[in-house]
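>>> What shape does this take:
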Amino acid sequence: MVRAHFNPMGTTALVTGASSGLGVGYAHALAERGADLVLVARRQDRLEALAVDLAEKYGATSTVIPLDLSLPDAVPQLVEDLRTRAISVGSLINCAGFGTYGNFVDADAQREMEQVAVNVGALTALTHAFLPDLLKTAISHPHGAALVNVASTAAFQPVPRMAVYGATKAYVLSFTQAIWYETRRTGLKVTTVCPGPVDTEFFDVALNHDAAFGRFLSVDEVMATTFDALDRVTTPLHSISGTQNAVLARFATLAPRRAVVTVTGRMSAPGRTG
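Presented below is the predicted three-dimensional model:
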């Protein structure tokens, strides 16, 4: 397969959710390829420790911005902060997000709205705010600008007991595919990464490992999927980590909707086995 190696050297990549899990993985992978970083998450101590690690291992310069993306003024505050620092964003990795588990009728309404704010609202606002910079970078640094929005295999079907999470990830997939089309002739690499369960803190936040089905992936596996997509001449609309996950996603798009949601509901049932 012909490759156009993704090379962000000399640019700055903004990674949200950078204090743990996939966010840390993306920060390392981008720094290894020569990018400087803007690291955004709530936990300042973790971001600062990551910045030191990236400097020691790769010589990367990191700007640490602790921020709660569920707050309505978070994205304007971030944009103003970077403008003040004269930092132009060349790649954007929207990795921040979380899920909850349980029947929707029993859910904490405020927490569900925070989930929508982070998974959908902040991702949309960040993409809109920084897309002009990404497009400029695609011109000045060919093969060096990317928009990666992290969704999930939950994007391909309704997910009982994770109703809001599944819906937000379906939005991310649809939204990013539309942006892919709109920017397809600009040189900007746009893709949605759709991992299944990943061995991170996600399921501790969701408060229940019954929310996971399928083989747990490592962060390195998701990084390999992402950068394989970015290294292609034509960036795929979306990339799914794991063969089993790809098969399940394909089933979800082909089978009758009632059958899909019934199967997913059984798979997400509390205390299931196998």
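
>>> CA atoms for contacts and neighbours, from now on please.
OK.

>>> mind listing what Leu82 touches?
Taking CA atoms under 8 Å, 6 or more residues apart in numbering as the criterion, Leu82 is in contact with Ser88.

>>> Which pLDDT value belongs to it?
What the model reports as pLDDT for Leu82 is 98.

>>> before we move on, what SS does it have?
Going by DSSP: H, G, I helix; E, B strand; the rest coil, the secondary structure assigned to Leu82 is helix.

>>> again, but for Asp45
Using three-state DSSP, the structure places Asp45 in helix.

>>> neighbours around it, how many?
If you count neighbours by other CA atoms under 10 Å, Asp45 ends up with 12.

>>> Repeat that for the one 10 residues further on.
For Ala55, the count of nearby residues is 14 (other CA under 10 Å).

>>> The one 10 residues further on now?
Other residues within reach of Ile65 by the criterion other CA under 10 Å amount to 19.

>>> helices or strands next to the strand or helix carrying it in the packing?
In this structure, Ile65 sits in strand 62-66 according to DSSP states H and E. Strand 62-66 is packed against strand 36-41, helix 44-58, with contacts defined by 3 or more CA pairs under 8 Å, 6 or more residues apart in numbering; DSSP states H and E.

>>> most tightly surrounded among the ones you listed?
Greatest average neighbour count among the helices and strands packed on strand 62-66 goes to strand 36-41 (a mean of 25), per mean count of other CA atoms under 10 Å.

>>> ok, which stretches of this structure are strands?
The residue ranges that make up the strands of the chain, judged by DSSP state E, are 12-16, 36-41, 62-66, 91-94, 146-150, 189-194, 238-240.

>>> what's in contact with the first one?
For strand 12-16, the external contacting residues (CA under 8 Å, 6+ apart) are 23, 26-27, 30, 35-41, 87-96.

>>> One more: the shortest one?
Contacting residues not belonging to strand 238-240 are listed as 153, 173, 177, 191-196, 225-226, 229, 246 [CA under 8 Å, 6+ apart].

>>> hmm, back to that, go through the helices and strands packed on strand 62-66 and name the closest to Val233.
Across those, Val233 has its closest neighbour in strand 36-41 (23.6 Å, CA to CA).

>>> Partner strands of that closest one and their direction?
Strands that pair with strand 36-41, judged by DSSP bridges, come out as strand 12-16 (parallel), strand 62-66 (parallel).

>>> Tell me where the protein is predicted with low confidence.
Scanning the chain for pLDDT under 70 picks out the ranges 1-4, 199-215, 251, 271-274.

>>> pull the longest helix from it.
helix 163-182 (DSSP state H).

>>> Check which residues of stretch 219-232 are buried.
219, 222-223, 225-232 (16 or more other CA atoms under 10 Å).

>>> Among the contacts of strand 12-16, name the buried ones.
Of the members of the contacts of strand 12-16, the ones counted as buried by neighbours, 16+ other CA under 10 Å, are 23, 26-27, 30, 35-41, 88-96.

>>> any chance you could map the helices in the protein?
Counting by DSSP H, the segments of the chain that form helices are 21-32, 44-58, 74-84, 109-116, 123-140, 163-182, 202-206, 219-230, 243-254, 257-267.

>>> Would you mind putting those into a markdown table with distance to Ala13 alongside?
As requested, the helices of the chain are arranged in a markdown table below (distance: least, CA to CA, whole Å):
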| stretch | distance to Ala13 |
| --- | --- |
| helix 21-32 | 7 |
| helix 44-58 | 13 |
| helix 74-84 | 12 |
| helix 109-116 | 24 |
| helix 123-140 | 10 |
| helix 163-182 | 18 |
| helix 202-206 | 23 |
| helix 219-230 | 14 |
| helix 243-254 | 28 |
| helix 257-267 | 36 |
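
>>> Does Pro8 touch Glu32 like I think?
No: Pro8 sits out of contact with Glu32 when judged by CA atoms under 8 Å, with a separation of 9.7 Å.

>>> Looking only at neighbour counts, state which of those two leads.
It is Pro8, of Pro8 and Glu32, that has more neighbours when counted by other CA under 10 Å, with 25 against 17.

>>> coming back round to it: out of the helices of the chain, nearest to Asn149?
The nearest among the helices of the chain, by CA to CA, is helix 163-182 at 6.9 Å.
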